[in-house]
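Colleague: Here is my input, please return the structure:
(chains A, B, C and D)
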There are 2 protein chains.
Amino acid sequence: MRTSNQRNLVYDIVAASCNHPTAKMVYQAARARMPKISLGTVYRNLNELVEQKKLLRLTVQGEEDRFDKTLTIHAHLFCNKCRNLFDIGMEETTAFTNHLEEINDIKILSSNIYFYGVCSKCQNKL
Amino acid sequence: MRTSNQRNLVYDIVAASCNHPTAKMVYQAARARMPKISLGTVYRNLNELVEQKKLLRLTVQGEEDRFDKTLTIHAHLFCNKCRNLFDIGMEETTAFTNHLEEINDIKILSSNIYFYGVCSKCQNKL
DNA sequence: GTATAAATAGGAATGATTACTATTTAAGGA
DNA sequence: TCCTTAAATAGTAATCATTCCTATTTATAC
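Modeller: Below you'll find the predicted structure:
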């Protein structure tokens, strides 16, 4: 695996992002700094970074996939009102996972956990 | 909403299935009993049944969507070896969800919880 | 510097799902 | 039982995220 400016840029954009960008959001941010980068290159590099376990890929129902710099096991909340995706359960999810592994005699390698609902901010606006 | 033989058939196939069929698997099973049914009709009826909360739609990363007759909150294990999708955490997931709601001050309306790993059967084959 | 294999840009292809439309059908009266 | 009519269907076309393809460019080791 050689280094490339495009791959570094793609990684930096996801790592610097405080939300969970889609491939297209990464592409748009990347073009601001490297106008000739192609969407295929963004997809390829996102996939390679996921394969190298430097990013996580999130699959949200009915939405484009998103990418996450946080590698530890955790859950997500997709807010129906503001349509943002939040990290939640940073500590609790590991315990939940370990418990499920034990009682079901299974091996869990990765997870994709998301909840639909209303985030704290939107809930308190009402 | 009128009744239709096609919709009843689609529901019966998912309800009778012990795994979590994809739309295409439902289509194939349906054609065995109603050869002229179309794939679009299967998709439309699956979506209507989900909207009526008679089925759940499952989105597994990199796979076609699947459909689930079990409506209570629970989690899933996608086995990397046999590629089957199993229900797990039938009791534990509700407690986990309630706990997350409390500590994060959020409202959870529905969930999609997937683990990727190795099921009990495949693990014990080694 | 040169060689060469990896990476890229740009566009074509894929495949699950949805949209469209002419035809069929369920269901409530007359 | 026969109409009426709006919902549902079959079959096909369209959509759209993502991947694939290929000629060209580029990083890196010698």
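Colleague: Can you name every helix or strand that the helix or strand hosting residue A:67 contacts?
Modeller: Using DSSP states H and E, residue A:67 sits in strand A:66-68. Judged by 3 or more Cβ pairs under 8 Å, 6 or more residues apart in numbering or on different chains; DSSP states H and E, the packing partners of strand A:66-68 are helix A:39-51, strand A:56-58. Heads up, the C-betas are built off the backbone N, CA and C, glycines and all.
Colleague: DNA strand D: which of the ones you listed is closest?
Modeller: helix A:39-51 (3.3 Å; Cβ to the nearest atom of the strand).
Colleague: Which residues belonging to the closest one are considered buried?
Modeller: Residues A:41-43, A:45-46, A:49 are the ones in helix A:39-51 that count as buried (16 or more other Cβ atoms under 10 Å in any protein chain shown).
Colleague: With respect to residue A:97, which of these is nearest?
Modeller: Ranked by distance to residue A:97 (Cβ to Cβ), the buried residues of helix A:39-51 are led by residue A:49 at 23.2 Å.
Colleague: Leaving out the residues flanking it, which one is nearest to the closest one?
Modeller: Distances taken as Cβ to Cβ, 6 or more residues apart in numbering or on different chains put residue A:55 closest to residue A:49, at 4.4 Å, once the chain neighbours are dropped.
Colleague: you'd agree the one you found is up against residue A:66?
Modeller: No. The criterion here is Cβ atoms under 8 Å, and residue A:55 misses it with residue A:66 at 10.2 Å.
Colleague: Tell me which of the helices and strands packed on strand A:66-68 approaches DNA strand C most closely.
Modeller: With Cβ to the nearest atom of the strand as the measure, helix A:39-51 is the member of the helices and strands packed on strand A:66-68 nearest DNA strand C (3.0 Å).
Colleague: Do any residues in that closest one lie close to DNA strand C?
Modeller: Yes. Judged by Cβ under 7 Å from any atom of the strand, helix A:39-51 comes into contact with DNA strand C through A:39-41, A:44-45.
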